[in-house]
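Peer 1: Sequence first, then the predicted structure, then my questions.
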Amino acid sequence: MTEPCFGMSKHRVTVDNKRIINNDRTVDCNQLVPIKYKWAWNFYLDGCANHWMPTEVSMQRDIEQWRDRNGFTDEERHVIKRVMGFFATAETLVGNNLVLAVYRCVDNPECRQYLLRQAFEEAIHVHAFQYIVQSLSLDEGEMFNMYREVEQIYNKDQHAMSCTSSVLEMNPSDLKTREGLQTFIKNLVGLYVITEGIFFYGGFVTMLSFGRQNRMPGTCEQIQYILRDESIHMNFGIELINAIVDENPQVWTEDFKNKIIEFIKSAVKLEGAYIKECLPNGILGLNVELITEYIQYLADRRFERLRLPQFYGSSNPFPWMSEIIDLKKEKNFFETRVTEYQTGGALEW
Ligand code: MN
Ligand code: FE
C-alpha cells in the first residue's frame, strides 16, 4: 500500500513497471498517465456516461399505489419491504468496504480512478433507497435495522464481509504474503461477485417483476439504473480479480480456488434462504424455485468469468432480465423515459 507521499526524483514512471497492487518506488501512485490498464479507464468512462440522480425520478404513482389498500397483497408488501430493507444498508456496506479496505490496497491510479467513481455511485444508490423509503413513508427504523434484525439478511451480510475486517487490519507488507493476498482477493470476491453479483439479484428480479406489471414504476426505474451501474461494478471487480491473479499467479492454488468455489456456493444457499423468507408462497410470476434457478444460473456465469468450473447447469428462467441489463438506447420497458441516461456530451444522437 503506497503512501500518498512522493519524493524528489529524476526517474519518470515507466508504464511496464506499473502493477495493480504492491507498486514499488519506481511507480508513483499520483500519476494517472501513462495508462497501463486501459480496461480500468474505460470502466471509469462507462460509469460517468451512466450518471443519474434518484430525485429526477417521480415517485408519485408508487405513492398512490402503495397507499391504496387494495394495491398490494400482504405477501407482496412483505417482499417489497424485505428487498428495501436489504438494500437500505447493503449499499453503505459496499461503499465502506470499497473506500476503507479495497482502495488502500489497490494502489494503481487507473483502478483508483474507477474506484472513486464507483464510490460516488454507491452514495447515489444509498440515496435512492433513502428516497424510496421516505417517499413511501416506510418505517425507517424497520428498514435500516433489517440487516441486524432479520436473520437471513444478517447472514448474507456477514458471509460477504467475512474477510473485510482482516483486510482493514492489514499492514502494507501483508499483501506481499500469499496468505495476505488471498484474504484480500477473498474480500474482493465477497464484495464484487457475491454481494453485487449474486445477493443483489434476488431483489432486482423481484422488484422488476412488479415493474413489468406497471407497479412501483418509480422504484423500478431507479432499480434499473442501479442494476446497470451494478453490472459495471461487478464486471470491473472480476477484471480486477483476474488481473491481480495474473500478476500474482502464486495465489491461485488449487486449495484457494476450492475455497472461493465454496464461498460462492454458500452464498447461493444463503440467497435461497433469504428468498424463501421473502416469498414463502410465491407471488404472481415469481416463486422460490424460479429465483433459486436464476441465482444458480448467475453463479455459474460468475464462476465462468473467474475461470473456475461451473457447478449448477441451471438455465435462465428470466430472459427478460438479460434484456434489461443489455438495454442501451431503447426506451425502457415501463415506457416512462429513455433508460440510457447520459450526460449531454456523451449522447450520440
Ligand atoms: Mn451499489
Ligand atoms: Fe455497486
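Peer 2: Looks like it came in fine. Numbers count the residues shown, from 1 in each chain. Ligands and ions are numbered 1, 2, ... in the order given.

Peer 1: Dump the C-alpha coordinates for stretch 147-155 into PDB.
Peer 2: Taking C-alpha atoms only, stretch 147-155 is exported to PDB below (Å, rounded to 0.1, in the frame of the first residue of the first chain):
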ATOM      1  CA  TYR A 147     -29.800  -6.300   8.500                       C
ATOM      2  CA  ARG A 148     -29.500  -6.600  12.300                       C
ATOM      3  CA  GLU A 149     -32.900  -8.000  13.000                       C
ATOM      4  CA  VAL A 150     -33.700 -10.300  10.100                       C
ATOM      5  CA  GLU A 151     -31.500 -13.400  10.300                       C
ATOM      6  CA  GLN A 152     -31.500 -14.200   6.600                       C
ATOM      7  CA  ILE A 153     -30.200 -10.700   5.800                       C
ATOM      8  CA  TYR A 154     -27.800 -10.700   8.600                       C
ATOM      9  CA  ASN A 155     -26.300 -14.000   7.400                       C
END
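
Peer 1: Next up, the contacts around residue 138.
Peer 2: Contacts for residue 138 (CB atoms under 8 Å, 6 or more residues apart in numbering) come out as 81, 84, 132. All C-beta spots, glycine's among them, are computed from the backbone N, C-alpha and C.

Peer 1: who are the neighbours in contact with residue 187?
Peer 2: Contacts of residue 187 (CB under 8 Å, 6+ apart): 97, 101, 102, 161, 163, 164, 166, 167.

Peer 1: what's the nearest residue to it if we skip its chain neighbours?
Peer 2: residue 163 (4.1 Å; CB to CB, 6 or more residues apart in numbering).

Peer 1: Can you name the residues that contact the residue of the stretch 101-250 of the chain found nearest ligand 1?
Peer 2: Per CB to the ion, residue 125 is where the stretch 101-250 of the chain lies closest to ligand 1, at 3.8 Å. Taking CB under 8 Å, 6+ apart as the contact definition, residue 125 lies against 87, 91, 226, 229.

Peer 1: of these, list those near ligand 2.
Peer 2: With CB under 5 Å from the ion as the criterion, the subset of the contacts of residue 125 in contact with ligand 2 is empty.

Peer 1: Make JSON lines out of those and add secondary structure, pLDDT and distance to residue 302.
Peer 2: JSON lines is the format used below for the contacts of residue 125 (DSSP: H, G, I helix; E, B strand; the rest coil; pLDDT from 0 to 100; distance: CB to CB, whole Å):
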{"residue": "87", "secondary structure": "helix", "pLDDT": "98", "distance to residue 302": "20"}
{"residue": "91", "secondary structure": "helix", "pLDDT": "97", "distance to residue 302": "20"}
{"residue": "226", "secondary structure": "helix", "pLDDT": "97", "distance to residue 302": "18"}
{"residue": "229", "secondary structure": "helix", "pLDDT": "96", "distance to residue 302": "18"}
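
Peer 1: mind putting these in TSV, distance to residue 200 and neighbour count included?
Peer 2: What follows is the contacts of residue 125, written out as TSV (distance: CB to CB, whole Å; neighbours: other CB atoms under 10 Å):
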residue	distance to residue 200	neighbour count
87	8	26
91	9	25
226	8	24
229	10	22
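
Peer 1: What's the local residue count around residue 288?
Peer 2: For residue 288, the neighbour count with other CB atoms under 10 Å is 17.

Peer 1: Quick check, pLDDT for it.
Peer 2: Confidence at residue 288, expressed as pLDDT, is 96.

Peer 1: and what of residue 322?
Peer 2: pLDDT, residue 322: 88.

Peer 1: got it, and residue 347?
Peer 2: Listed pLDDT for residue 347 reads 47.

Peer 1: when you give positions from now on, start the count at 348
Peer 2: Sounds good: first residue 348 from here, last item residue 694.

Peer 1: From residue 537, how far out is residue 474?
Peer 2: The gap separating residue 474 from residue 537 is 24 Å, by CB to CB, to the nearest Å.

Peer 1: So if I had to pick from the two, which one is more boxed in?
Peer 2: Neighbours around residue 474 and residue 537, counted as other CB under 10 Å, are more numerous at residue 537. The numbers are 24 against 15.

Peer 1: Which residues are in contact with the residue nearest to the more buried one when sequence neighbours are not counted?
Peer 2: Nearest-residue entry for residue 537: residue 507, 4.3 Å, with adjacent residues in sequence omitted and distances by CB to CB, 6+ apart. Counting by CB under 8 Å, 6+ apart, residue 507 touches 440, 537, 538, 541, 542, 546, 614.

Peer 1: what about the fourth one, how many neighbours?
Peer 2: This means residue 541. 28.

Peer 1: just the one 3 residues further on next, same as before
Peer 2: By other CB under 10 Å, 25 other residues sit near residue 544.

Peer 1: got it, and residue 572?
Peer 2: Using other CB under 10 Å: residue 572 sits among 24 other residues.
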